[in-house]
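J.: Sequence plus the predicted model coming up.
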Amino acid sequence: MTPAQHPRAAFLEWLAEQLAARGFTVTPPAHPNPAELAVTGPDGQRYRLRVVRTARRGGDPATA
């Protein structure tokens, strides 16, 4: 599966646009992961943002 086909790619693209509009610089990480962004903040601080899927357990989500 290519990064463009990855189910989280559209969300990450949207997130990158939102961050760029707020002065963050989004760059590809050193090891490309379709669920990860490398970000540098306006103050020079670096971040790695990773989108993860959590497993849902049965029952009411409020009590899980």
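T.: Looks like it came in fine.
J.: all strands for this structure, in order.
T.: 25-27, 36-40, 46-50 (DSSP state E).
J.: hey, which of the ones you listed is tucked in deepest?
T.: strand 36-40 (a mean of 17; mean count of other Cβ atoms under 10 Å). Every residue, glycine included, has its C-beta placed from N, CA and C.
J.: ok, residues contacting it?
T.: Strand 36-40 has contacts (Cβ atoms under 8 Å, 6 or more residues apart in numbering) with 12, 15-16, 19, 24-30, 46-51.
J.: Now do that strand and strand 46-50, the angle between them.
T.: Orientation check (axes from the mean of the first three to the mean of the last three Cα atoms, to 10 degrees): strand 36-40 against strand 46-50 gives 160 degrees.
J.: So what are the sheet partners of strand 36-40 and their directions?
T.: Strand pairing for strand 36-40, determined by DSSP bridges: strand 25-27 (antiparallel), strand 46-50 (antiparallel).
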